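> have a look at this prediction, sequence included:
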Amino acid sequence: MKQQVGFTLIELIMVIVILGILAATAMPKFSDLSAEARVGKLNAMKAAMQSAATMAHGMQLAQGVASNATVSVEGGTTIAMRNGYPDDTSTGIVAAVDITDYVDNFTSSSGISVDAAHPLCNVSYVNANPPTYTMNSAAANCD
């Protein structure tokens, strides 16, 4: 008699059931990472703001202009300065960073939000010498 080689139908069904159970238990862990993604996006904007403020401050010193004057950067962009750092307005820090994927809320909260649906999930910039940065990334703001 010839011996058969392979898996039986029952064995294949059991493997599929076990994989389904594993997927069902792992899915909640990976299904909603949007809040963590928003916090990561805020961290990126905070770092961009810090870098832009430092570079604008350096340009202001290199150009020898007054601490409350505007600084011209490559590409014809001008940045409004106050206290030697970009102002906390749309002509200041917002002009110094790329906010294409963000929402400018400087008129209401002195910050940049990750998206329109989460205006309180933002990073704020306050002009001082040196500037201060505050991330509002609490779970209630970014969920």
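Good, I have the coordinates.

> what are the ranges of the strands in the chain?
Taking DSSP state E as the test, the strands found in the chain are 70-72, 78-82, 85-86, 103-104, 111-113, 122-126, 132-136.

> just the ones you listed: most buried one?
strand 85-86 (a mean of 27; mean count of other CB atoms under 10 Å). Bear in mind the C-beta positions are built from the backbone N, C-alpha and C, glycine included.

> relative to that strand, what are the paired strands and their orientations?
strand 78-82 (antiparallel) (DSSP bridges).

> in CSV, list the strands of the chain along with distance to residue 24 and mean pLDDT.
Shown next, in CSV, are the strands of the chain (distance: least, CB to CB, whole Å; pLDDT from 0 to 100):
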stretch, distance to residue 24, mean pLDDT
strand 70-72, 56, 89
strand 78-82, 52, 91
strand 85-86, 50, 92
strand 103-104, 36, 84
strand 111-113, 35, 86
strand 122-126, 36, 89
strand 132-136, 35, 89
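
> closest to residue 95 out of these?
Closest approach to residue 95 among the strands of the chain (CB to CB): strand 78-82, 5.2 Å.

> would you turn the strands of the chain into CSV with distance to residue 59?
Shown next, in CSV, are these (distance: least, CB to CB, whole Å):
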stretch, distance to residue 59
strand 70-72, 5
strand 78-82, 8
strand 85-86, 10
strand 103-104, 22
strand 111-113, 21
strand 122-126, 17
strand 132-136, 19
